[in-house]
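> Okay, sequence plus prediction incoming.
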Amino acid sequence: NCSELIVNHAEANLCDEALDLYREFRAKPDSSTLFEWGHGLALMGKGEMEQAWQAFSAMGADAKRDRWARLLRCAPRILQGRFDVAATELGADLAWDIASHEQGHLLSRRAWLGNVELLRDKPAAARAQAAELAHLEASPLFLESVREGAMLALETEDMALAREALARLREIEARWPSTHSHGVRLHIEGALAGGAPGGDLLNQAAGLWPDPPTLFARALWRAAQGQLSAALADCEALDAMRGRILKRHFPGLLVLGWLEKARCLSRMARFPEALRVYGQIKQYWLPVSVKHYATQLAIREELDRTQDLIKGEKHG
């Protein structure tokens, strides 16, 4: 219960309060490494990535939490733009999970690795993880993982695989109907449909299950349609879910949401605001000591262009 209290505060973006609770409980005789989960989440929420990595590493000092901790400590590396480091650790641990038939965190590793491979400009490697997720058994236990497979398939432009995942989601929804299963199916159906029909489906999905992946998909759709104020509102809602993203989803979604926000602001000619968001992204995903991939290079170009536009306004 003490650990859950720390985690719940971090998920609600009450990071300082979470850290106060961590220190309070850590001072007591109970020395459970489970406290490090909420500790690491709160540190990530404050942007303190090295300290978060240390917290998750300390969590793994207890052998029964080692495999989970190894997954969690990839999150700060992803948020630091150190995609190669994260991919190496995720790939090695995934191979170990498969060889040892360890199921506890295998699906999360697949989803994270697939997303990291996309950020490393390796769509074929991402598609391999998407296929494993999309073909999971039609069970409510795998609802989110099948959706992850569908999203990865869409990002790699494998529409056939995305449709297979959608069929699996429909089967889960039919056998276990709920707001959750209905909203998730609508999200993927809307993303596949595109155009005006896709927007209607995404609006329905957000009405039923407005979680970060659904809101991000709708933000992208709205921006593509030129509905910039509405897209910006979805990005703001995503930003308010920072703790939830870090606890429940691929951590890079946080920065991708900022990137879409910056792009919307730039297209609205709100350049100083856009520059502030690009500066925030730079602190996370443009470390000078690592190789930069296409997304990172695009961020650098957009940041430089925004700076030039501001200078042009000042001298115009």
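Ah, there it is.

> List the contacts of the nearest residue in space to residue 104 that is not next to it in sequence.
Distances taken as Cβ to Cβ, 6 or more residues apart in numbering place residue 67 nearest to residue 104, at 6.0 Å, with adjacent residues excluded. For glycine as for every other residue, the C-beta is placed from the backbone atoms N, C-alpha and C. Each residue near residue 67 by Cβ atoms under 8 Å, 6 or more residues apart in numbering is listed here: 93, 97, 102, 104, 105.

> right, and residue 210 touches residue 237 too?
Yes: Residue 210 lies in contact with residue 237 (Cβ atoms under 8 Å); the separation is 7.5 Å.

> Quick check: closest non-adjacent residue to residue 189.
Using Cβ to Cβ, 6+ apart and skipping residues adjacent in sequence, the residue nearest residue 189 is residue 201, 5.2 Å away.

> which residues touch residue 245?
212, 238, 251, 253, 254, 257.

> Keeping just the C-alphas, turn the helix or strand containing it into PDB.
Element membership for residue 245 (DSSP states H and E) is helix 242-248. Output of helix 242-248 as PDB, limited to C-alpha atoms (Å, rounded to 0.1, in the frame of the first residue of the first chain):
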ATOM      1  CA  ARG A 242       2.700  12.700 -18.200                       C
ATOM      2  CA  GLY A 243       2.600  10.500 -15.100                       C
ATOM      3  CA  ARG A 244       0.200   8.100 -16.700                       C
ATOM      4  CA  ILE A 245       2.300   7.800 -19.800                       C
ATOM      5  CA  LEU A 246       5.400   7.000 -17.800                       C
ATOM      6  CA  LYS A 247       3.600   4.400 -15.700                       C
ATOM      7  CA  ARG A 248       1.500   2.600 -18.400                       C
END
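
> can you pull the buried residues of it?
Residues 242, 243, 244, 245, 246, 247 are the ones in helix 242-248 that count as buried (16 or more other Cβ atoms under 10 Å).

> From residue 136, how far off is the residue nearest to residue 104?
20 Å (Cβ to Cβ, to the nearest Å).

> next structured bit after the host helix or strand of the residue nearest to residue 104?
Residue 67 is part of helix 66-72 when elements are defined by DSSP H and E. Using DSSP H and E, the helix or strand that follows helix 66-72 in sequence is helix 74-79.

> ok so, going back, name the nearest of the buried residues of helix 242-248 relative to residue 129.
Nearest to residue 129, judged by Cβ to Cβ, of those is residue 245 at 19.5 Å.

> where does residue 287 land in three-state SS?
Taken by DSSP: H, G, I helix; E, B strand; the rest coil, the conformation at residue 287 corresponds to coil.

> quick one: pLDDT of the residue nearest to residue 179 when sequence neighbours are not counted?
Of all residues not flanking residue 179 in the chain, residue 208 sits nearest, at 5.1 Å (Cβ to Cβ, 6+ apart). On pLDDT, residue 208 comes in at 98.

> Same question for residue 314.
pLDDT for residue 314: 63.

> same deal with residue 181?
Predicted confidence (pLDDT) for residue 181: 98.

> Would you list the phi and psi of it?
Backbone torsions of residue 181, given as degrees, to the nearest 10, read phi -70, psi -40.

> residues in contact with it?
140, 143, 169, 172, 173.

> If we use 7 Å, what do you get?
140, 143, 172, 173 (Cβ atoms under 7 Å, 6 or more residues apart in numbering).

> ditto for residue 262
By Cβ under 7 Å, 6+ apart, the contact set of residue 262 is 274, 277, 278, 281.

> Need these in JSON lines (columns: neighbour count).
Listed next are the contacts of residue 262 as JSON lines, based on neighbours: other Cβ atoms under 10 Å:
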{"residue": "274", "neighbour count": "24"}
{"residue": "277", "neighbour count": "23"}
{"residue": "278", "neighbour count": "26"}
{"residue": "281", "neighbour count": "21"}
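
> Closest one to residue 155 out of those residues, please.
Residue 155 has its nearest neighbour among those in residue 281, at 19.0 Å by Cβ to Cβ.

> Show the average pLDDT along stretch 263-277.
The pLDDT scores in stretch 263-277 average 97.

> circling back to that earlier point, show me the contacts of residue 262 that map onto helices.
If you go by DSSP state H, the contacts of residue 262 have 274, 277, 278, 281 in helices.

> What is the nearest of those residues to residue 156?
Using Cβ to Cβ, the ones in helices among the contacts of residue 262 come closest to residue 156 at residue 281, 23.2 Å.

> State the distance from that closest one to residue 71.
Using Cβ to Cβ, one gets 24 Å for the distance from residue 281 to residue 71.

> quick one: the closest residue to residue 131 other than its chain neighbours from residue 149, how far?
Distances taken as Cβ to Cβ, 6+ apart put residue 161 closest to residue 131, at 6.1 Å, once the chain neighbours are dropped. Distance of residue 161 to residue 149, given as Cβ to Cβ: 8 Å.

> what touches both of those two?
Common neighbours of residue 161 and residue 149, using Cβ under 7 Å, 6+ apart, are 130, 134.
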